[in-house]
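Engineer: Next input, structure requested:
(one chain, ligands or ions: 2)
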Amino acid sequence: MPDKLKYSCDLTSAASEGYGSKMLVSKNDTVLDWRDYFDHHTLPLSRRNPRNWPESPSDYRRTVEEYSDQMNALAERVLGLISESLGLKRDYFKDLVGEFYQNITVSYYPACPQPELTLGLQSHSDFGVITLLIQDDVGGLQVLKDGEWVTVEPLDDAIVVLLSDQTQVITNGEYISAIHRAITNANKARLSVATFHDPAKTVKISPASELVTESSPRRYRDVVYGDYVSSWYTKGSRRKTES
Ligand SMILES: O=C(O)CCC(=O)C(=O)O
Ligand SMILES: [Fe+2]
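Structural biologist: Numbering: from 1, shown residues only. Ligands and ions are numbered 1, 2, ... in the order given. Okay, the predicted model is just below:
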C-alpha cells in the first residue's frame, strides 16, 4: 500500500510518527503484536504537522486536528474532576504538567486465525497522564481488575478513560494506572483510536504534597518524565509492561 510506505514511521527512532507495527522490542527477544498502527503527533501545535498524515479521505487531516483539540479539552476536564475528587484545586494537573504532549494512535488488529496464540497488544500501562480511547463494535480491550482480565464492552459513543502511570504518582496512588491489553478476534478485524496525553520530557513529576500525610505516606519518588520513559526504552519496551 503506497501510503504505508510514504508515511511509515522511522523504526530507528523511539518516537516517530506514521505507520508501524512493533510496540515491544527487547534486546534478546522480539514480541510482535497482532497489530498495525498509525501514530499522529498532535500537540503541542509545534509538533503537529498534518502533512505527515494520510491525505485521503480529503477531510482526514482536518478531522484529526479537530479530534485532537476536543480530546485535549476532555482530558483537562476529566483531570479537573479527578483533582476535585481528591480535594486538590481543579487546575492541579494543568499547573504541574503544563501543556500536554498528545499523540493519537489508530490501531488496526486484523482477524487472527488462532487468537489463542497471540495478543493484539501485550499487557501494559500507558506512560503518561491519561489516555482517552474509542473502539469499534468488535471488542478486544481488556483491563486487569483484581487479578482478572475484564473485557471493556464496546458501547456506542463511549470514550474509555485509561489513567496512566504519572497520574498514579501525582495522586500518590489514590488513582491507579490501568493495566490493559487487546486480544485478537478470529473472525473480525478491529479498530481502536487511543489519544495519549503525556508531560513534556523535562517535567518533574511528584506526588501532590496535599496527598502525602502521616496516614498516607509518600509512595513514589520524584521522576523527570523523560527519564521515566527512557528507562523503559533502555529495557527495550515501548510502553510499560506488566513484567
Ligand atoms: O486497542 C486498544 O484497545 C488498546 C490500545 C492501547 O492500549 C495502546 O495503544 O496503548
Ligand atoms: Fe495502552
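
Engineer: Give me the next element, helix or strand, following the longest helix seen in the chain.
Structural biologist: In the chain, assigned by DSSP state H, the helix with the most residues is helix 60-85. Counting by DSSP states H and E, the next helix or strand C-terminal to helix 60-85 is helix 92-97.

Engineer: roughly how far out does that next one sit from the chain middle?
Structural biologist: Relative to its parent chain, helix 92-97 has a centroid offset of 19 Å by Cα atoms, centre = their mean, to the nearest Å.

Engineer: I'd like to know which elements it is packed against.
Structural biologist: On a contact count with 3 or more Cβ pairs under 8 Å, 6 or more residues apart in numbering; DSSP states H and E, helix 92-97 meets helix 60-85, helix 165-170. Heads up, the C-betas are built off the backbone N, CA and C, glycines and all.

Engineer: how about that helix as PDB, C-alpha atoms only?
Structural biologist: Written as PDB, here are the backbone C-alpha positions of helix 92-97 (Å, rounded to 0.1, in the frame of the first residue of the first chain):
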ATOM      1  CA  TYR A  92      -3.700  20.900  39.700                       C
ATOM      2  CA  PHE A  93      -2.600  18.700  36.800                       C
ATOM      3  CA  LYS A  94      -2.500  21.600  34.400                       C
ATOM      4  CA  ASP A  95      -0.300  23.600  36.700                       C
ATOM      5  CA  LEU A  96       2.000  20.700  37.300                       C
ATOM      6  CA  VAL A  97       2.200  19.200  33.900                       C
END
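
Engineer: Now distance to Gln142, mean neighbour count and mean pLDDT too, for the helices and strands packed on helix 92-97, in JSON lines please.
Structural biologist: Listed next are these as JSON lines, based on distance: least, Cβ to Cβ, whole Å; neighbours: other Cβ atoms under 10 Å; pLDDT from 0 to 100:
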{"stretch": "helix 60-85", "distance to Gln142": "21", "mean neighbour count": "16", "mean pLDDT": "98"}
{"stretch": "helix 165-170", "distance to Gln142": "18", "mean neighbour count": "24", "mean pLDDT": "98"}
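
Engineer: Columns distance to Gly120 on top of those, output as JSON lines?
Structural biologist: JSON lines is the format used below for the helices and strands packed on helix 92-97 (distance: least, Cβ to Cβ, whole Å):
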{"stretch": "helix 60-85", "distance to Gly120": "22"}
{"stretch": "helix 165-170", "distance to Gly120": "21"}
